[in-house]
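**Q** sequence plus the predicted model coming up.
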Amino acid sequence: MKFNKNTILAQVGVIKNEKYGAISTPIYHSATFRHPAIGESTGYDYSRTSNPTRQELETALASLEEGKYGFAFPTGMAALTTIFGLFKSGDHVILSEDLYGGTYRLLKQYFNQYGIDADFIDTTNLIEVEQTWKPNTKGLLIETPSNPLMKITDIKLCAKLCKQFNALFIVDNTFMTPYYQTPINLGADIVIHSGTKYLAGHNDLLAGAIITNDADLADRIGFLQNTTGSVLSAGDSWLLLRSLKTLGLRMERQTKNAQAIVEWAQTEGSKWINQVYYPSINEQGYNIHLGQATGDGAMLSIRFKSEQLAMDLLSKLELFSFAESLGGVESLITIPSRQTHADMPEDYRKKLGVTDDLLRISVGIEDCNDLIYDLTQAINKCI
Ligand SMILES: *Cc1c(COP(=O)(O)O)cnc(C)c1O
């Protein structure tokens, strides 16, 4: 029997054979594990290699993403660093141009030193992807919906292309979460997450994750993780297990709230707003999105009629916190040009449309009328 995702989520970390019958996974705060005898092991030797609490989380992450192997990292960037450690000097990789600014920085200011060449392009356009392909292209990484403009890339078509050219296909699934989108089912080799965002969901924890279905890749990722020491602590693993239980409830509620704000922005709010970016109103890609995801999520971006208004209202909000990050129960608002995407060169940001008139909203679980009231009162204070 294959259980529903909500059932799997509620049961995350519930162990059946715990010595005292505890329901919640114990936090194994032990750096090392005693060996019964030479050549014997309890299954655990040293916590960098493996830890029972982390393993419980890793099993849960794998099962949610419908992959066989999961790995928990201290941050999303640590997970991404591990993934790009799979490539060699002389390799070329292609990435979505409209993506998390830290991923851009990782390739442009770190992995470039080790001879890994990266092109950032519009992956919503498969022709552009094929045209950018080189004989040494070994990987493709996409975000869909993209960040911050919510563009949709076709996961299945990208998977097909990567298979044809024998390249690794990586999907950063942070925005959708496995609750709405499971890229491994659509042909992705590797799924990565900033667990800091929706998986943790409370703006109180940093984490990252990698999931794959491929035993050979899992061996190489496990080797890199153990060798570079990039592991999530037992305490944080437990906290993330705890958070996952409510992922479905949070996603549903946050998505509903986001839809209400999108509707407001297109009606009453349209006096002050030029454009709203959200999957359901994305003409370019909504049909593709519907074919690969079961929900629209709670990230949206708004382009205001003036840069001044966008920048001024940030300090007038009462409920929304003007802060980077996303995915938590508390609503956040950010100006990508100055924060999450500040490390991209200005002309690159301009070309994408990441300018000072654009604000990105991560909608939380508050009452949506209160959130709309907050946006309205802040705008009224500015005009
Ligand atoms: C935040 C984020 C990351 C980086 O994750 P950290 O946990 O902050 O290191 C990577 N990808 C996306 C899409 C993100 O939003």
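**A** Yep, it's here. All of these numbers come straight from a predicted model, not from anything done at the bench.

**Q** rest of the way, CA atoms for contacts and neighbours
**A** Fine.

**Q** enumerate every residue touching Leu375.
**A** Contacts of Leu375 were listed using C-alpha atoms under 8 Å, 6 or more residues apart in numbering, and they are Leu317.

**Q** go again using 10 Å as the cut-off
**A** Taking C-alpha atoms under 10 Å, 6 or more residues apart in numbering as the definition of contact, the neighbours of Leu375 are Ile261, Ala265, Gly269, Leu313, Leu314, Lys316, Leu317, Glu318, Leu319, Phe320, Asn369.

**Q** cool, and Ile221?
**A** The neighbours of Ile221, taking C-alpha under 10 Å, 6+ apart as the test, are 69-71, 79, 82-83, 85-86, 210-212, 215, 227.

**Q** hang on, the earlier thing: just the buried ones from the contacts of Leu375?
**A** With burial judged by 16 or more other C-alpha atoms under 10 Å, the buried subset of the contacts of Leu375 is Ile261, Ala265, Gly269, Leu313, Leu314, Lys316, Leu317, Leu319, Phe320.

**Q** pLDDT score for the second one?
**A** pLDDT for Ala265: 98.

**Q** the helix or strand harbouring it - contacts with which helices or strands?
**A** Using DSSP states H and E, Ala265 sits in helix 247-266. Identification of packing neighbours for helix 247-266 by 3 or more C-alpha pairs under 10 Å, 6 or more residues apart in numbering; DSSP states H and E yields helix 5-10, helix 177-180, strand 273-277, strand 299-304, strand 358-362, helix 368-382.

**Q** of those, flag the one that's most buried.
**A** Mean neighbour counts were taken over those using mean count of other C-alpha atoms under 10 Å, and the top value, a mean of 26, falls to strand 358-362.

**Q** now Ile211, what are its backbone angles?
**A** Ile211 adopts backbone torsions of phi -130, psi 140, taken as degrees, to the nearest 10.

**Q** residue contacts, the closest residue to it other than its chain neighbours?
**A** In space, and not counting its chain neighbours, Ile211 is closest to Gly70: 4.5 Å by C-alpha to C-alpha, 6 or more residues apart in numbering. For Gly70, the contact set (C-alpha under 10 Å, 6+ apart) comprises 54-64, 191-192, 209-213, 218, 221-222.

**Q** cool, and Leu358?
**A** Contact analysis of Leu358 by C-alpha under 10 Å, 6+ apart lists 148-149, 273-277, 301-307, 310-311, 334-337.

**Q** give me the neighbour count for the residue in the stretch 51-200 of the chain positioned nearest to the ligand.
**A** Among all residues of the stretch 51-200 of the chain, Gly76 sits closest to the ligand, at 3.4 Å; criterion: C-alpha to the nearest ligand atom. Counted with other C-alpha atoms under 10 Å, the neighbours of Gly76 add up to 25.
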